[in-house]
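Asks: Next comes the sequence, and after it the predicted model I'd like to discuss.
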Amino acid sequence: MNLEQKYTEMMERFKREALETVSKAIDTVHCDLAPHLESDTDANVSHQAGQLIDAILRGNFERRDDYSVWVSGISGVSTLIRMTDTEYDHVRKNLLSVMPACPKDIEIKSLKEQLARAYDRHF
């Protein structure tokens, strides 16, 4: 066996072993790591969406025009949200329906009932 044949044989063995090693590494990334990366991405998106909603509820947004608001400062992510008046009213009504009555609203309701009873007694 001459030097050239030995070199060719060594290069062929190197190529086979390198291909096998790279193939194992790709399988490891694809099978063992990719599911965790995908799961982490879903968690990040969910976390950022929660922060976005928190920022909106705290009033941490800037109105851009009649139909859009700019919400910023959410883990470095900013977004423009477009919402019509009807959609805004729908969100507001849904939030109000689940909120507990505030003392002022209870007092107003009580005063309205007193006025109604007084009106019924005198008219």
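Replies: It's in.

Asks: how about the helices of this protein, start to end?
Replies: 3-27, 34-57, 85-98, 103-122 (DSSP state H).

Asks: how about a markdown table for those helices, with distance to residue 68 and mean pLDDT added?
Replies: (Each C-beta comes from the backbone N, C-alpha and C, glycine too.) Below are the helices of the chain laid out as a markdown table (distance: least, CB to CB, whole Å; pLDDT from 0 to 100):
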| stretch | distance to residue 68 | mean pLDDT |
| --- | --- | --- |
| helix 3-27 | 44 | 87 |
| helix 34-57 | 13 | 78 |
| helix 85-98 | 11 | 83 |
| helix 103-122 | 31 | 88 |
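
Asks: and residue 75, which of those is closest to it?
Replies: If you check each of those against residue 75 by CB to CB, helix 34-57 wins as the nearest, at 5.9 Å.

Asks: burial count for residue 55?
Replies: 17 (other CB atoms under 10 Å).

Asks: ok, for it, nearest residue in space, not its chain neighbours?
Replies: Taking CB to CB, 6 or more residues apart in numbering, and ignoring the residues beside it in sequence, residue 55 has residue 71 as its nearest neighbour in space, at 5.2 Å.

Asks: Report pLDDT for that neighbour.
Replies: Reading off the confidence values, residue 71 has pLDDT 87.

Asks: Surely it touches residue 58?
Replies: No: with contacts counted by CB atoms under 8 Å, residue 71 stays clear of residue 58, the gap being 10.2 Å.

Asks: before we move on, the earlier item: what's the spacing between the residue nearest to residue 55 and residue 88?
Replies: Going from residue 71 to residue 88 by CB to CB, to the nearest Å gives 14 Å.
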